[in-house]
Each structure stands twice: as C-alpha cells, then as structure tokens.
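Q: Model the structure of this input:
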Amino acid sequence: MERSRPVGVCALCLKTAELCDSHLVPKSLYRVARAADRRAHPDPVLMTSTVRRQTSFQATQYLLCAECEKRFDQNGEDWVMRHCYRGRDRFRLRELLQRATPIHADEENTIFNAASVAGMEIEKVVYFCVSVFWRAAVRTWESSGQRYAGIRLGPKYQEEIRAYLLGDAGLPENAAVMFIVSALPRPHLSFNFPDTIRIDASHAHTLHIPGLTFQLGLGGQPSAGARESCILRSEFHPIFVCQDGDERVQRQVLRMMGKKAPAWATYPLVNGVV
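A: As a prediction, the model looks like this:
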C-alpha cells in the first residue's frame, strides 16, 4: 500500500499540497547506472572522498507537489533521459547528430547548431539542466548517509530560476548554459550530483550524466565567450561534441581515489564497458 504523503509547502509553486518524494537527480538515472552485466550485484557504486560502496539508496526528500513533479518531467527530464546514453550502444542524441551537418570540426571538437538538428529540443535541455541545479541549491540532501553540500545560486538567482521553472519568467539574463555531448564511442554509465568548478576567473556549476555534460554560468555580466557557448542564447546554439566532460569526471573520480596524474603525463581516457 502506498505511503500517505505529507502535506507541506511545495518549494517550486509555494502552494500547500501533498508533497511527493522528489529526487535530486532523475530516478531513471539510477536504473541506467545499474551494472547490466552484474546481475548478482547490480546496484550503482556510490563514491565520495570517504566512501566507496554499492548501494541502492537514492537522494530523495519531500520537496514538490504532484503538479510540479509533472512539470519537471514534461518540460525537460523525460526528453533528456530518453536521449542520453543508455548503455549497450543506445544513444539517441548521438543518432540525431549523426544525421546533421556540423558547423565546425577539428581534432578536439565537433560543433553542431542545435537549431538545425532535427528532433533537438533546446528549451528542454536548458530546463532540465537548470531544474537539477535549482534542486541542489534549494535544499540539503543526503545519499546513503552521506551529506551532499549542494551548490549556491544566491537568493536573487535562486528566486529568478524558481520563477523561470514555474513558467512565470524567462531564464535569468545573466545565465548561460553550455551543453557537451561525449565523443567516446561508449560513454561511462555514471553521473554526479551538481558541483561548482572554477573556470578562468569565474565559477560554473556542472552536472554529468551518461553521455552528456551540462554547465551553468550564472552571475555578473556573462563574458562574450560564455554567451557564445550558450545553447540557448548564442546565435549558433552550439552543441559541443568532445571529451571535455568525460575527462573532467575522470579527474574527479581519480581525486576521490587519492590519485593524481604526474605533471609530465595524463591518465588515458577510458571508454565505458557497456
């Protein structure tokens, strides 16, 4: 029998209603990350600087009402999760890009104009990205007994993003979303909770899911480079196909394992196995 839901204030619409047991990242990500070839122990591996173990625990809490949960699903999550890498060479977004013509290509990057890619949903990519970062900032979360510190958007931008997610306003003027698709033949079936990194003289929030990396720059006056890299605001609506997102995640994992590449070398980027 389904548990009764508590009544409280929905963090998004601010209405009093029954609250759903909301996920920090999509529930379907945990299913994707389950090791398909390890049936006896299929749970994904949780890795932090102090913990490394398999667990079925998912980061949830009573956060949103049913209407706002549905809003998140329909406005971005369903589309992104259908098009990310799903394992066993299933990667719908890559299939869309293979049928399109890039606007730039060199040894490191291939760039597509998202507006010219048939089947591409720019607004849903942006909405999904921003919705996860907002969830990571609006509450403190736990995963398998480990506290997740979250990210900080600041009160002003947190409220502006809430209005955007609710449909009452556009994306904040000083926000820029960069979207990276993995160039690996078989991306890793891994994901991370939102993190904040330093890029040159500014900070950006990042999220990686299988095959896709999202980066949100927020605050101050966006540089010309940040605006040109934004899938929504740039006139080129760029989708970057490269290994930058995969390399960043691998470095993060190596740091958690207490490893670091020597100054004279780098670790080879390893493909996924499923």
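Q: show me where pLDDT drops low in the stretch 1-150 of the chain?
A: 1-3, 35-57, 144 (pLDDT under 70).
Q: what ranges do the strands span in the stretch 101-250 of the chain?
A: With DSSP state E, counting those that start in this stretch, the ranges of strands along the stretch 101-250 of the chain come out as 104-105, 110-113, 141-143, 146-148, 175-182, 195-199, 202-209, 212-218, 238-242.
Q: Adding distance to Leu63 and mean neighbour count, write these out as JSON lines.
A: All C-beta atoms are positioned from the backbone trio N, CA, C, and that covers glycine. Shown next, in JSON lines, are the strands of the stretch 101-250 of the chain (distance: least, CB to CB, whole Å; neighbours: other CB atoms under 10 Å):
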{"stretch": "strand 104-105", "distance to Leu63": "40", "mean neighbour count": "12"}
{"stretch": "strand 110-113", "distance to Leu63": "35", "mean neighbour count": "19"}
{"stretch": "strand 141-143", "distance to Leu63": "10", "mean neighbour count": "17"}
{"stretch": "strand 146-148", "distance to Leu63": "14", "mean neighbour count": "14"}
{"stretch": "strand 175-182", "distance to Leu63": "22", "mean neighbour count": "25"}
{"stretch": "strand 195-199", "distance to Leu63": "20", "mean neighbour count": "13"}
{"stretch": "strand 202-209", "distance to Leu63": "18", "mean neighbour count": "20"}
{"stretch": "strand 212-218", "distance to Leu63": "20", "mean neighbour count": "24"}
{"stretch": "strand 238-242", "distance to Leu63": "30", "mean neighbour count": "21"}
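Q: So which bits of the helix or strand where Asp78 lies are buried?
A: In the assignment (DSSP states H and E), Asp78 maps to helix 78-83. Residues Trp79, Val80, Met81, His83 are the ones in helix 78-83 that count as buried (16 or more other CB atoms under 10 Å).
Q: Repeat that for stretch 234-251.
A: 234, 236-246, 248-250.
Q: do the same with stretch 119-133
A: Applying 16+ other CB under 10 Å to stretch 119-133 flags 120-122, 124-133 as buried.
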